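*Asks:* What would the 3D arrangement of this be:
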Amino acid sequence: MAATLFLGVLVPQIRTFGDEHAQDPKAVPAGLIQLGTGSYYSPYAIVVDKKARTLTLWKQSDKTLEKVVEFPSDIGKQAGNKSKLNDHRTPEGIYFTLKMIEGPGLNFDLYGKRAYTLDYPNLFDQREGKTGSGIWLHAIPENQTLARGSRGCVVVRNESILALGKYISPERTPVLIYESVPYQSAEEKLVKDKEIETWLAKWIDAWKKKDIESYIGFYSPTFHSMKMNREKWKIYKDALNKKYEKIDINLYSPIIFEHNNGYVVRGLQAYHSDGLEDFGEKTIYIQKETDGLKIIGEQWDAVDNPGVARGLARCCLAESAASKN
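*Replies:* Numbering: from 1, shown residues only. Predicted coordinates:
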């Protein structure tokens with residue numbers, strides 16, 4: 001097995017892709033549809049392959065994905081997708097790092113020099129009734145083996161977790177975990193990119209036009225958000241349509257990920273009407289159903305500091321204009 005020197009560390013290069021793109025050096029993970037292209041969201045994403053026992057870091061430049069580095073990794077002691085507390089399985093899905101833990105507050109014998117908490121269970125997990133918590137990306141001491149099996153966490157060596165640190169932004173770096181990572185060609189990626197971007201544009205257009213029937217058609221019968229189901233959401237949105245003469249919405253710099261026909265879209269949303277103006281982060285959870293992509297949940301988080309909001313808005317507008325030139 002070959003090895004590559006990365007940041008002073010000798011790293012084994014394992015290529016076990018397990019599908020028809022295995023011999024294609026340009027093949028990329030199918031779930032990385034759109035990474036950060038501006039100053040707010042990270043251009044990096046972490047992909048974990050449980051079967052190959054590898055963790056890879058990917059970077060996006062324009063529409064091109066490239067692998068930055070690959071590390072061997074460990075996973076839960078028990079095979080399969082996590083479903084309940086203490087099953088010692090590693091979950092599979094789209095997750096985000098929440099916070100970094102290191103120093104005296106971290107048990108070195110268990111977690112090595114550093115750990116990043118993950119947001120398991122996510123909305124998809126919760127809808128399936130999955131339980132448990134405390135799923136981390138963490139390290140182990142040099143005197144322990146990566147074959148010991150974890151309690152469900154993704155585990156790498158100390159030098160690997162420290163090397164990854166420069167690429168991880170808490171709450172913004174995605175970690176996609178698969179039993180076996182599906183890969184696709186660069187050409188297939190462009191097709192998938194266009195499909196989801198077109199779908200998002202049509203959803204926003206129906207919202208702007210206050211076309212309530214077209215708009216609600218983007219939502220699953222199982223949709224639930226802000227303590228409202230699909231029918232209550234329709235009534236709520238229709239009332240706003242009648243209240244405001246004009247509505248304008250822009251979703252800047254969205255990041256888009258897919259796992260097992262479930263999609264997560266996060267972007268900076270600017271909303272403007274004749275009665276309300278706000279700016280914040282919108283997260284959309286989408287499921288591929290028999291009649292196409294449908295929204296199953298939404299979340300919106302305000303940017304509390306007005307100065308920060310204005311700065312982000314100016315930044316996004318400038319980046320959007322530059323991308324069109």
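*Asks:* Residue 124: what's it in contact with?
*Replies:* Contact analysis of residue 124 by CB atoms under 8 Å, 6 or more residues apart in numbering lists 93-94, 262, 285, 287. Heads up, the C-betas are built off the backbone N, CA and C, glycines and all.
*Asks:* Please tell me how far residue 41 sits from residue 273.
*Replies:* Remark: distance between residue 41 and residue 273 (CB to CB, to the nearest Å) = 26 Å.
*Asks:* about what we covered before: and the contacts of residue 124, which is closest to residue 112?
*Replies:* Checking these against residue 112 by CB to CB gives residue 93 as the nearest, at 24.0 Å.
*Asks:* sorry, back to before: out of the contacts of residue 124, give me the one that has the most neighbours.
*Replies:* residue 93 (26 neighbours; other CB atoms under 10 Å).
*Asks:* coming back round to it: closest one to residue 150 out of the contacts of residue 124, please.
*Replies:* residue 93 (16.9 Å).
*Asks:* What confidence value was assigned to that closest one?
*Replies:* pLDDT for residue 93: 98.
*Asks:* Verify the contact between it and residue 263 for me.
*Replies:* No - Residue 93 is beyond contact range of residue 263, at 11.4 Å (criterion: CB atoms under 8 Å).
*Asks:* ok so, going back, wait, which of the contacts of residue 124 is closest to residue 222?
*Replies:* residue 287 (8.1 Å).
*Asks:* residue contacts, the closest one?
*Replies:* Contacts of residue 287 by CB under 8 Å, 6+ apart are 124, 220, 261-263, 293-294, 296.
*Asks:* Equivalent analysis for residue 266, please.
*Replies:* Contact partners of residue 266, counting by CB under 8 Å, 6+ apart, are 41, 254-255, 281-284.
*Asks:* For those residues, could you give me JSON lines that also reports pLDDT?
*Replies:* Listed next are the contacts of residue 266 as JSON lines, based on pLDDT from 0 to 100:
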{"residue": "41", "pLDDT": "89"}
{"residue": "254", "pLDDT": "93"}
{"residue": "255", "pLDDT": "95"}
{"residue": "281", "pLDDT": "93"}
{"residue": "282", "pLDDT": "96"}
{"residue": "283", "pLDDT": "97"}
{"residue": "284", "pLDDT": "98"}
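*Asks:* Go through those and say which is closest to residue 185.
*Replies:* Ranked by distance to residue 185 (CB to CB), the contacts of residue 266 are led by residue 255 at 21.4 Å.
*Asks:* in its sheet, what does the helix or strand where the closest one lies sit against?
*Replies:* Using DSSP states H and E, residue 255 sits within strand 247-259. Strand 247-259 has the following strand partners under DSSP bridges: strand 32-34 (antiparallel), strand 262-273 (antiparallel).
*Asks:* Determine which stretch of these is the most buried.
*Replies:* strand 32-34 (a mean of 22; mean count of other CB atoms under 10 Å).
*Asks:* I'd like the mean pLDDT over that one, please.
*Replies:* 96.
*Asks:* List the buried residues for stretch 222-240?
*Replies:* The neighbour-count check on stretch 222-240 (16 or more other CB atoms under 10 Å) flags 223-225, 230, 233-234, 237 as buried.
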